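S.K.: sequence plus predicted model, see below.
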Amino acid sequence: MTIQYSNARWNEKKVVIGETAMRATGPIHLIIGFHGAESTPENMLVYGNKLELTNALTVYPEGPVDAGEGLWSWWQDGPRQTESVTAFLHYTSQMLEAAHGHAGRIFSGKPVRTSLWGFSQGGAAALVYALLGSHPLHKVASVCGFLPEMPDAASSRPNAPSILGLFGTDDEVVPAFLAEHALEEMKNRGHQVTAKEIRQGHQITAENLEAISAFFNS
């Protein structure tokens with residue numbers, strides 16, 4: 001599958017945009033990919049390029065927290081993590097508004113449904129936004145994700161998106177019990193959750209990408 005990529009700046013931050021071959025009918029699937037902590041959009045794009053997607057506009061944004069040496073994260077760890085996660089939610093809502101504006105200019109009149117996916121802290125970012133974000137979502141996939149300290153949720157999200165959670169039995173960075181706890185919390189908040197424990201470490205595998213492709217295309 002060939003995806004055409006271009007770079008842009010939205011809200012003073014770098015994003016990498018990819019466009020698959022488009023069918024004449026059906027909604028546009030806007031898919032946002034969150035990189036891990038202390039990483040870059042390009043690192044996530046390497047994996048995203050291997051997804052088998054149809055009618056998709058993919059967006060890989062740069063995290064808002066400067067980790068130094070050209071690397072980025074979604075929030076800061078430590079005693080002020082909750083406030084940093086709140087800032088992440090605002091930042092991501094702005095990115096989604098920019099993404100929908102971009103999609104509207106290219107695909108005028110076509111419906112757009114939004115999904116998220118991510119790895120490690122990026123997987124956590126996708127789960128956090130599914131819980132607390134303001135924009136409606138279609139599906140969310142997390143690889144080796146977890147939940148950080150978060151601001152309190154006023155209530156469960158209406159029309160909660162379905163969740164695919166993939167995590168490794170041999171993951172020494174995000175142990176399986178942390179990933180399981182995060183997915184159980186998503187289920188308790190009203191999400192339909194599919195959790196898959198896989199014999200792998202802290203990584204994205206071909207098996208992960210196959211499962212995510214099937215999830216987004218279903």
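M.R.: Okay, I see it.
S.K.: run through this protein and note the low-pLDDT ranges.
M.R.: Across the chain, the ranges flagged by pLDDT under 70 are 1-2, 24, 153-158.
S.K.: longest helix in it, by residue count?
M.R.: Longest helix in the chain, counting residues (DSSP state H): helix 81-106.
S.K.: what's the first helix or strand after that one?
M.R.: strand 112-119 (DSSP states H and E).
S.K.: sorry, back to before: who are the packing partners of the longest helix of the chain?
M.R.: Packed against helix 81-106, as judged by 3 or more CB pairs under 8 Å, 6 or more residues apart in numbering; DSSP states H and E, are the following elements: strand 4-10, strand 13-19, strand 28-34, strand 56-61, strand 112-119, helix 121-132. Every C-beta, even on glycine, is put in place using the N, C-alpha and C of the backbone.
S.K.: for the fifth one, buried residues please.
M.R.: If I follow you right, that is strand 112-119. Under the neighbour-count criterion of 16 or more other CB atoms under 10 Å, strand 112-119 has 112, 113, 114, 115, 116, 117, 118, 119 buried.
S.K.: the third one and residue 96 touch, don't they?
M.R.: So the one you mean is residue 114. Yes - using CB atoms under 8 Å, residue 114 makes contact with residue 96 at a distance of 6.6 Å.
S.K.: what is the neighbour count of residue 209?
M.R.: Using other CB atoms under 10 Å, residue 209 is surrounded by 18 other residues.
S.K.: element containing the nearest residue to it once chain neighbours are set aside, please.
M.R.: Spatially, and ignoring its direct neighbours in sequence, residue 209 is nearest to residue 50 (5.1 Å; CB to CB, 6 or more residues apart in numbering). If you go by DSSP H and E, residue 50 is not part of any helix or strand.
S.K.: give the contact list for the closest residue to residue 204 other than its chain neighbours.
M.R.: Take residue 204 and drop its neighbours on the chain: the residue closest to it by CB to CB, 6+ apart is residue 47, 4.8 Å away. If a contact means CB atoms under 8 Å, 6 or more residues apart in numbering, then residue 47 has 33, 119, 204, 209 as its contacts.
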